[in-house]
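Peer 1: fold the stuff below for me.
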Amino acid sequence: MNDIVFYISAGTLAFGAGLGVKGMFDPMWAGRLVRLQPENGQPEGYSEFRATFGGMFLGLHLSALAFMVFWGRDAGIAACSVLAAGWWFTALGRFLSYSMDSNTQHSHVVRSVAIEVIIGLAIAVWPITSLLRL
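Peer 2: So this is what the prediction gives:
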């Protein structure tokens, strides 16, 4: 069982790193994914997509995966827990935006919140089950 949840968390981290690679090399895709575009078509906006939705995603997910694999159980649990919390707080921020901002599209928010909560859970499944076995 522990091997299965390890691979679920590791696979989800690899998926997040893959999103980062895609965002880094295809910033227009990242912009469409988050429904943003550079102001007045300025190329500097693509730099932001590459940095935030590329480099940040790649670096965080790949680092957490490296902690899981190379630095031991406790380091892996800590890294995965922090990254899972980041996904959950992203969902919370999106939910607050839907609740407080006008003209937010309901179906997009619900779908995005669900995906972010699920990704957070998939990353956290190994740390949670590891801690329960203490």
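
Peer 1: wait, residue 53 sits on residue 20?
Peer 2: Yes - the pair residue 53 / residue 20 is scored as a contact, 7.3 Å apart, by C-beta atoms under 8 Å. Backbone N, C-alpha and C define where each C-beta goes, glycine included.

Peer 1: show the pLDDT at the residue lying farthest from the centre of the chain.
Peer 2: No residue in the chain sits farther from the centre than residue 40, which is 27.9 Å out by C-alpha atoms, centre = their mean. Looking at residue 40, its pLDDT is 77.

Peer 1: could you check how far it is from residue 50?
Peer 2: Residue 40 sits 18 Å away from residue 50, going by C-beta to C-beta, to the nearest Å.

Peer 1: cool, and residue 21?
Peer 2: Distance, residue 21 to residue 50, by C-beta to C-beta: 11 Å.

Peer 1: the more surrounded of those two?
Peer 2: With neighbours defined as other C-beta atoms under 10 Å, residue 21 and residue 50 compare such that residue 50 has more, 18 against 15.

Peer 1: wait, the more buried one touches residue 24, no?
Peer 2: Yes - contact criterion C-beta under 8 Å: residue 50 and residue 24 qualify, at 5.2 Å.

Peer 1: one step back: hey, what's in contact with both of residue 21 and residue 50?
Peer 2: Residues touching both residue 21 and residue 50 (C-beta atoms under 8 Å, 6 or more residues apart in numbering): there are none.
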